[in-house]
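**Q** Sharing a model that was predicted from the sequence below.
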Amino acid sequence: MNDIKIAVLGSEGVGKSALIVRFLTRRFIGEYASSSECIYRKCLSVDGRQVHLELYDPCSQACEGKSALNDQIHWADGFILVYDISDRSSFLTAKAIVHLIRELHLGSAKRDSLIFLVGNKQDLCHMREVQREEGQRLAAEYRCQFYELSVAEHYQEVAFIFSKMVQNASLGGKGKERRRRPSGSKSMAKLINNVFGKRRKSV
Ligand SMILES: Nc1nc2c(ncn2[C@@H]2O[C@H](COP(=O)(O)OP(=O)(O)OP(=O)(O)O)[C@@H](O)[C@H]2O)c(=O)[nH]1
């Protein structure tokens, strides 16, 4: 079975958990308990082959600092870098992360097809601080694929992004060494706990 590890990275509150939860459950839920980082697992069938997908969702508060980020970058095969189109500082964070990924030049992470830049919260376009063209330019500069969407409103786009990433990773992803995971892993039960958990966030 192929193992594919994807880290979903970005500033606090950009919608990383929402993106993962939307992909795994098809549902958008406005509140998440995310006081700890976690890894979600899912088995998929891609072109008749079984793929074991691991999705890393960091807790922004607990994972600040370059060394935590380095660990995450070492661990992952592919990256989904999320920013919030209504928050310019989150765009600058995404830029710093993609720069670091490129700087570290690690294994398959070098492959252009395995870094996606995602501008989330397109439904908040009346509060837009980052133009679509800026996202496109950043993606072109760092040779990533670019998407803009609303996790709240666009399930199909969310599903497309993950299936594209899995497809790209499984095309060239064989013979990788085992890497230490950045931290704890969680099951669907934990996911449900997170979704219906404690921390309240505003939309
Ligand atoms: N309007 C709108 N709100 C969204 C969207 N996606 C996520 N949110 C909201 O943004 C807030 C933060 O979402 P999270 O998924 O917890 O963000 P995160 O990046 O995981 O945050 P940390 O766990 O703190 O790093 C929540 O209130 C979500 O409901 C979206 O597409 N549109």
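**A** Now that the structure is in, tell me what you want to look at.
**Q** Residue 104 reaches residue 73, doesn't it?
**A** Yes: between residue 104 and residue 73 a contact is recorded at 5.6 Å, counting by CB atoms under 8 Å. Placement of C-beta: from N, CA and C, glycine included.
**Q** which of these two has more neighbours?
**A** residue 73 (20 against 14; other CB atoms under 10 Å).
**Q** Just confirm that one is within a strand.
**A** No: with DSSP: H, G, I helix; E, B strand; the rest coil as the criterion, residue 73 is located in helix rather than a strand.
**Q** gap between it and residue 9?
**A** Distance, residue 73 to residue 9, by CB to CB, to the nearest Å: 8 Å.
**Q** any common contacting residues for those two?
**A** residue 79 (CB atoms under 8 Å, 6 or more residues apart in numbering).
**Q** Which pLDDT value belongs to residue 171?
**A** The per-residue pLDDT reported for residue 171 equals 76.
**Q** how many neighbours does the nearest residue in space to it that is not next to it in sequence have?
**A** Spatial nearest neighbour of residue 171, chain neighbours left out: residue 113 (7.8 Å); criterion: CB to CB, 6 or more residues apart in numbering. Neighbourhood size, residue 113 [other CB under 10 Å]: 17.
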